[in-house]
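Student: Provide a 3D model corresponding to the input given below.
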Amino acid sequence: MIFASEHFSLIGRHDVNQDAVLSPLVRGKYTVFGIADGVGGSDRGEVASRSALQAVEQTFIGDPSAAVVETLFQAAKRRIDAIHSAEEELGSLSTTLTVCIYDDETSNVSLGHVGDCRAYHLSGAGILTRTKDQTEAQRLVEEGILRPNQVAKYRRKNVLESAISPKRDYDLFRSDFILKPGDRLILCSDGFYSTVLKREIVGISLSCANIKQFLCELSNLARERVPSDDCTALGVQLV
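Tutor: Residues are numbered from 1 along each chain as shown. Next up, the predicted model:
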């Protein structure tokens, strides 16, 4: 099978875009792609997101048999730890990270996820969220303390409970699912899904014949709404 892909990244109301994307990379039967969103208000977030995905890419290129979610996340963590040790005086750095590994022989996607980026799986008129937000707000929803419709106004809605960081271990969320021909995946930062609703994503997908047109329409809609945070989406389609 062949992946068609497209992505966009709109900078928010600050000077540095802290989102980063790894476009589909093929080695043998495996295809790897991902997204990261650096944490914090300085350029350290940009360094963290970019470095984590570089570690994933280099580990996979160096040894395609390392196409295992846990292995790729461990590589990202080691890279962040090394940068922090060498540049500790510049402050801490951390990032979210969501990575997909597609196996062409089985059509299986192995997804690993830390933080609050999301992976949306579109199939026909359906959409499934394949990730879980690792945020304080999501935990409070699960505990019945917050209702889902209260999250948008919760003042600590962006507080992460897991990230790739030198200061703590991460909680790796795992998911496996089958990707069929014609299915689409959207990996996106919180700046995107806070700006564009799931039902809008489905409607636009159904009206677009290919992934390039789909991402172009999503980008146009997001841009019209002037997101305050960096707004990034990577779309892939099995063709």
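
Student: Can you pull out the low-pLDDT segments for the chain?
Tutor: Scanning the chain for pLDDT under 70 picks out 1, 40-43, 89-90.

Student: can you pull the buried residues of stretch 29-43?
Tutor: Under the neighbour-count criterion of 16 or more other C-beta atoms under 10 Å, stretch 29-43 has Y30, T31, V32, F33, G34, I35, A36, D37, G38, V39, G40 buried. C-beta coordinates here come from the backbone N, C-alpha and C atoms, glycine included.

Student: Same list as before, these that is, but in CSV and with distance to Q138 included.
Tutor: Shown next, in CSV, are those (distance: C-beta to C-beta, whole Å):
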residue, distance to Q138
Y30, 30
T31, 29
V32, 26
F33, 24
G34, 21
I35, 18
A36, 19
D37, 16
G38, 20
V39, 16
G40, 20
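
Student: Of those residues, just say which sits nearest to F73.
Tutor: G34 (10.1 Å; C-beta to C-beta).

Student: Torsion angles phi and psi at the closest one?
Tutor: Dihedral pair for G34: phi -170, psi 180, per degrees, to the nearest 10.

Student: which ones are touching the residue lying closest to it once chain neighbours are set aside?
Tutor: Leaving aside its sequence neighbours, G34 sits nearest to V99 (C-beta to C-beta, 6 or more residues apart in numbering; 3.8 Å). By C-beta atoms under 8 Å, 6 or more residues apart in numbering, the contact list for V99 reads L22, V32, F33, G34, V56, V69, L72, F73, L111, G112, H113.

Student: Out of those, name the ones that lie in helices.
Tutor: If you go by DSSP state H, those have V56, V69, L72, F73 in helices.

Student: Going by neighbour count, which of the residues you listed comes out on top?
Tutor: V56 (27 neighbours; other C-beta atoms under 10 Å).

Student: List the residues that contact the closest residue to it other than its chain neighbours.
Tutor: Nearest non-adjacent residue to V56, counting by C-beta to C-beta, 6+ apart: L72, 4.7 Å away. Contacts for L72 (C-beta under 8 Å, 6+ apart) come out as V32, A55, V56, T59, F60, A66, V99, I101, G112.

Student: Excluding sequence neighbours, find me the nearest residue to the residue nearest to the spatial centre of the chain.
Tutor: Nearest to the geometric centre of the chain sits I35, at 3.7 Å (C-alpha atoms, centre = their mean). What sits nearest to I35 in space, not counting adjacent residues and going by C-beta to C-beta, 6+ apart, is L187, at 4.2 Å.

Student: Test my guess that the one you found contacts F33.
Tutor: Yes: assessed by C-beta atoms under 8 Å, L187 is found in contact with F33 at 7.2 Å.
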